[in-house]
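Enquirer: with the input below, show me the fold.
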Amino acid sequence: MKLLRFSLFVVLTLAARQVFAQVTFTAKASQKVVGQSDLLEVEFVLNGVSEVDQFTPPPFSPFEVAQGPSYTSGFNLINGNASSYYSVSFYLRPGATGKFSIPPASVRVNGHLVQSNAMNVEVVKGSTGAGAPPPANPFQGMMDPFASSREAYGDQMLRRGENAEEKIRKNMIIRMNVNKNSCYVGEPVVATCKLYSRLESESKVAERPSFSGFSVVEMAQPQQSSVNRETLGGRPFNAYLIRKAQLYPLRSGDLAIEPVELDNSVTLYRPGKAAHAQPSAGGSVFDQMMRDFWGEEGTGAIPEKHTLNLTTDPITIHVKPLPEEGKPADFTGAVGQFTLQSSLANTNPRANETDTLVLMLKGSGNLPLINAPALHFPKGIETYDPSARDQVDPTVSPIKGSKIFSYTFTVDKEGNYTLPPISFSYFDPQTARYKTLTSEPLLMQVLPGKKSNPKSAPPAGQAHPYMQWIALALGLLVAGSIALVVLKKKPKAVPPPAPEESYAPQVLAAMTTFKEKDWLEDAHVCLKENNSTSYFKALNAGIWGLLSDRLDLGGERNKDQVLEKMEQRGFSPYVREEVRTLLEECELALYAPVHTGHDMQRAMEVAERVRKRFEHDLRD
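Expert: Numbering: from 1, shown residues only. The predicted structure is shown next:
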């Protein structure tokens, strides 16, 4: 039995290594020498997978990120052999001249950590003229190279006198279709690009449209399962999805969708000399296909390689302006159908401590383009810039889901406050009318701040408790110094330690304080119970406890203060961003409690990583 288990373990291990060995992670820069006034494009490509558990970019200093990250995933399909890929690209602006090395990036795939290669770049003064600016609307999600036939139709064969180019154009068609040619500003248009083919080919996108005047949201990435059989003109074709996206027009007028160009390499076969072998002699499957197609006049085949460029027809979308009649003063461009809900993280905060107002916008429409509504708080309340998070389904049109805005604020005095209603206006394209939503007013009772609480002050004539601790610590320090001097003068055997009972209660309490606390213990328990609501509450409390302990925050919960102290202590921007994202995710999860086990596990992995960084002082 032990031998069987060992053999099974070896087989599984070797299989896993064989699969993982097919994964390659490569970093490349657009040029090795770049001008200080140019932009450098860097791309990290992971072949063999379509998604990753975590991507960590390298520190780019002295470069600054001008645009990015931009994510692309898809698959390469050449003559039936499919392989997935995942890429991340940045545009960098040089901050100094000289020769620099950009360290490797890292990704975690199926629990394995993979690193890319480093990149060496030289920055010179001025411009080299080779630094391409980042595209205004990059055409992401396209697969290069692309196509293959899943079902053979026999059209690879050329009869005598048949024109190769005409045959390719008849059996390979690329089309861009839209679900509407007229819409309002902000109303989505679904654009779908497909290649219809009856031929085996190697194809590569040569020209990608910029979609100028539109904001682009991907609906579907090309997958191997996206190859379907469809009929055009009464003939069956293999239909390959190249791209499907929602285009949100940003201005009125006639907007053009530029053509997509596809370079194709196709091998066709012409009949050769008659075969001398008898049909019954057998031969390869290809020879049998030749005999079935041309008969016995010739079983030999002469391959001909042809290249041909296919182009979609240009498309014009007529975009109507939003009406001026009835437009609310607070309208900022939201188009669709929505509902509004507001709540407070804490209805009884203390003075000078942070609280959060959460505004949840639900519905369908141009959610990614909607900005945070303006708030009008009473005097005595200080607000900070809001944060936003999308929870949307981009596979439906218009996009459906929710957008959550978080407004952090502080109140400087205790008392009862009423936060006024929040209004949000949008345009409904179905009724061609503007509508305004209004939230309910929120009541809040602010308790006295800790510093201003008279109960916390010691009675007259009695020392503050902290002074007792300070006096105890100084006494221990003096006693230790005296003992050290005595030992230096007259060495002697060290006596056995006294039992715990002989220590003063204050000393035992001080010793207990220094024991390492497991801040995530409660969250781990809730994770095992798969209770998302309790889990995120425990995780939020644990993370804040850890940060308060390590950064000396006191009783305040202020993300800006956390990030500022981390920066002062030398933590890299990527570590600070990871902490910020984790805090926001825990905060928002309290108001959107439905989460999958994958979401909970991912958040715990990030929290454990943050804890280890603080425990082992990992600052980059």
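
Enquirer: residue 545 should be in a strand, yeah?
Expert: No - looking at residue 545 with DSSP: H, G, I helix; E, B strand; the rest coil, it is helix, so not inside a strand.

Enquirer: for it, grab the count of nearby residues.
Expert: By other C-beta atoms under 10 Å, the residues close to residue 545 number 15. C-beta here means a position set from N, CA and C on the backbone, and glycine is covered the same way.

Enquirer: so what's it closest to, chain neighbours aside?
Expert: residue 519 (4.8 Å; C-beta to C-beta, 6 or more residues apart in numbering).

Enquirer: part of a helix, is that neighbour?
Expert: No - judged by three-state DSSP, residue 519 forms no part of a helix; its state is coil.

Enquirer: which other helices and strands contact the strand or helix carrying residue 167?
Expert: Per DSSP states H and E, residue 167 falls inside helix 164-171. The contact analysis (3 or more C-beta pairs under 8 Å, 6 or more residues apart in numbering; DSSP states H and E) places helix 164-171 against strand 261-271, strand 301-311.

Enquirer: for that helix, buried residues please.
Expert: For helix 164-171, a neighbour-count test (16 or more other C-beta atoms under 10 Å) marks 167-168, 171 as buried.

Enquirer: can I get the residues you listed in a markdown table including pLDDT and distance to residue 324?
Expert: Below are the buried residues of helix 164-171 laid out as a markdown table (pLDDT from 0 to 100; distance: C-beta to C-beta, whole Å):
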| residue | pLDDT | distance to residue 324 |
| --- | --- | --- |
| 167 | 89 | 55 |
| 168 | 90 | 52 |
| 171 | 91 | 52 |
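
Enquirer: quick check: angle from the helix holding residue 167 to strand 261-271?
Expert: Relative orientation of helix 164-171 and strand 261-271, computed by axes from the mean of the first three to the mean of the last three C-alpha atoms, to 10 degrees: 120 degrees.

Enquirer: could you number the chain from 22 rather than 1 from now on?
Expert: Sure, I'll start counting at 22 from here, so that last one is helix 185-192.

Enquirer: what angle separates helix 185-192 from strand 322-332?
Expert: Using the same axes, to 10 degrees: helix 185-192 against strand 322-332 is 60 degrees.

Enquirer: residues touching residue 414, list them.
Expert: Shown in contact with residue 414 (C-beta atoms under 8 Å, 6 or more residues apart in numbering): 420-422.

Enquirer: could you list the buried residues of the helix or strand following the helix holding residue 188?
Expert: Helices and strands here follow DSSP H and E; after helix 185-192, the next one along the chain is strand 193-199. For strand 193-199, a neighbour-count test (16+ other C-beta under 10 Å) marks 193-197 as buried.

Enquirer: can you list the strands that strand 193-199 pairs with?
Expert: strand 210-218 (antiparallel) (DSSP bridges).

Enquirer: need the residues that contact the partner strand.
Expert: 167-168, 170, 192-201, 204, 224, 235, 240, 251, 253, 258-270, 278, 281, 283, 331, 333, 336, 338, 418.

Enquirer: which of those count as buried?
Expert: Of the contacts of strand 210-218, these count as buried by 16+ other C-beta under 10 Å: 167-168, 170, 192-197, 204, 224, 235, 240, 258-270, 278, 281, 283, 331, 333, 336, 338, 418.

Enquirer: just the ones in helices from these, please.
Expert: residue 192 (DSSP state H).

Enquirer: show me what contacts residue 56?
Expert: Neighbours of residue 56 in contact, by C-beta under 8 Å, 6+ apart: 115, 144-152.

Enquirer: of those residues, which one scores lowest on pLDDT?
Expert: Least confident by pLDDT among the contacts of residue 56: that is residue 152, with 57.

Enquirer: please parse this structure into its domains.
Expert: Domain assignment for the chain by automatic domain parsing gives 44-145, 185-339, 357-467, 542-636.

Enquirer: looking at those domains, which is nearest to residue 348?
Expert: Among those, the nearest to residue 348 by C-beta to C-beta is domain 357-467 (5.9 Å).

Enquirer: pipe the contacts of residue 414 into JSON lines and attach neighbour count and secondary structure per row.
Expert: Shown next, in JSON lines, are the contacts of residue 414 (neighbours: other C-beta atoms under 10 Å; DSSP: H, G, I helix; E, B strand; the rest coil):
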{"residue": "420", "neighbour count": "24", "secondary structure": "coil"}
{"residue": "421", "neighbour count": "17", "secondary structure": "strand"}
{"residue": "422", "neighbour count": "16", "secondary structure": "strand"}
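
Enquirer: can you list the contacts of residue 56 in JSON lines and add secondary structure, distance to residue 68 and neighbour count?
Expert: As requested, these are arranged in JSON lines below (DSSP: H, G, I helix; E, B strand; the rest coil; distance: C-beta to C-beta, whole Å; neighbours: other C-beta atoms under 10 Å):
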{"residue": "115", "secondary structure": "coil", "distance to residue 68": "29", "neighbour count": "23"}
{"residue": "144", "secondary structure": "strand", "distance to residue 68": "29", "neighbour count": "20"}
{"residue": "145", "secondary structure": "strand", "distance to residue 68": "32", "neighbour count": "15"}
{"residue": "146", "secondary structure": "coil", "distance to residue 68": "37", "neighbour count": "8"}
{"residue": "147", "secondary structure": "coil", "distance to residue 68": "36", "neighbour count": "10"}
{"residue": "148", "secondary structure": "coil", "distance to residue 68": "33", "neighbour count": "12"}
{"residue": "149", "secondary structure": "coil", "distance to residue 68": "30", "neighbour count": "14"}
{"residue": "150", "secondary structure": "coil", "distance to residue 68": "31", "neighbour count": "8"}
{"residue": "151", "secondary structure": "coil", "distance to residue 68": "26", "neighbour count": "13"}
{"residue": "152", "secondary structure": "coil", "distance to residue 68": "26", "neighbour count": "21"}
